[in-house]
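K.L.:
I would like to see how this sequence folds:
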Amino acid sequence: MTEILSYTACRQLSQMFLAVAFFHGSEYILAIAIHGRSNVTLKSLLISKNYLVAMVCSLLEYFLEIVLFPGLKEYWWVSNTGLVMVVIGEIIRKLAIITAGQAFTHLIKVYHEEHHQLVTHGVYRFIRHPGYSGFLIWSVGTQIMLCNPISTVAFAIVVWHFFAERIPYEEYFLKQFFGSDYEEYARRVPSGVPFVK
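P.N.:
Next up is the predicted model:
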């Protein structure tokens, strides 16, 4: 049971909690800065029931494995790779938000607003959906950082599936809003989520 209080556990769990707190706190702060306080709700923290269940399951896996298989958590190169993924995913996502400005929202727009412009510069020059790509990298990275093999696979599958459904739905409206400009952009620039055209 002393493994729960070990240096490894303290380091990995503190990195995880800091990564989660920074991710959600910065999402909320950026939403307020870009859209104004009156247009932002607690939903901008991006914490849903499914997300909480996933995080609780990942922590349960972590505690079970550190007690039953403590050596599994000692692969520092794996944990550090996850930490690098968390940082890279965070940077990509925040660049997406800052670059898109008011065009970036947490909810898919189903009607065209006056200020809504097609963003194809900055990080969007290389990835059509950098916010999704960044979140996928970040979320899987959190589990690699914890050396959680089951949650790593589960997060990768669940988050990928979510975006594999969301991207075509969102792009339906983007094609309606921006027509051939968006279709040409989509042909030229990858989605940023593996196996999602």
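K.L.:
Give the residue spans of this structure that score low on pLDDT.
P.N.:
By pLDDT under 70, the weakly predicted segments of the chain are 1-4, 43-46.
K.L.:
what helix or strand is the residue nearest the centre of it on?
P.N.:
Against the mean C-alpha coordinate of the chain, by CA atoms, centre = their mean, the closest residue is residue 135 at 1.5 Å. Element membership of residue 135 [criterion: DSSP states H and E] is helix 130-145.
K.L.:
And residue 96, by the same measure?
P.N.:
Assigned by DSSP H and E, residue 96 falls in helix 76-100.
K.L.:
Any buried residues in that helix, and which?
P.N.:
By neighbour count on 16 or more other CB atoms under 10 Å, the buried set for helix 76-100 is 78-79, 82-83, 85-86, 89-90, 92-97, 99-100. (C-beta placed from N, C-alpha, C; glycine too.)
K.L.:
just curious, which of those is nearest to residue 109?
P.N.:
Closest approach to residue 109 among the buried residues of helix 76-100 (CB to CB): residue 100, at 11.7 Å.
K.L.:
so what's that closest one up against?
P.N.:
If you count contacts by CB atoms under 8 Å, 6 or more residues apart in numbering, residue 100 has them with 119, 124, 131.
K.L.:
One more: residue 125?
P.N.:
Going by CB under 8 Å, 6+ apart, residue 125 touches residue 189.
K.L.:
That one and residue 119, how far apart?
P.N.:
Relative to residue 119, residue 125 is positioned 10 Å away (CB to CB, to the nearest Å).
K.L.:
now the helices: where do they sit in the protein?
P.N.:
Remark: helices assigned in the chain by DSSP state H are 7-35, 49-68, 76-100, 130-145, 149-188.
K.L.:
that older thread, just the buried residues of helix 76-100 now: which is nearest residue 19?
P.N.:
For the buried residues of helix 76-100, the nearest to residue 19 is residue 86 (4.9 Å; CB to CB).
K.L.:
pretty sure residue 6 is in contact with residue 74, am I right?
P.N.:
No. Counting by CB atoms under 8 Å, residue 6 stays clear of residue 74, with 9.4 Å between them.
K.L.:
Would you reformat the helices of the chain as JSON lines and include distance to residue 196?
P.N.:
Output for these, formatted as JSON lines (distance: least, CB to CB, whole Å):
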{"stretch": "helix 7-35", "distance to residue 196": "22"}
{"stretch": "helix 49-68", "distance to residue 196": "20"}
{"stretch": "helix 76-100", "distance to residue 196": "16"}
{"stretch": "helix 130-145", "distance to residue 196": "9"}
{"stretch": "helix 149-188", "distance to residue 196": "5"}
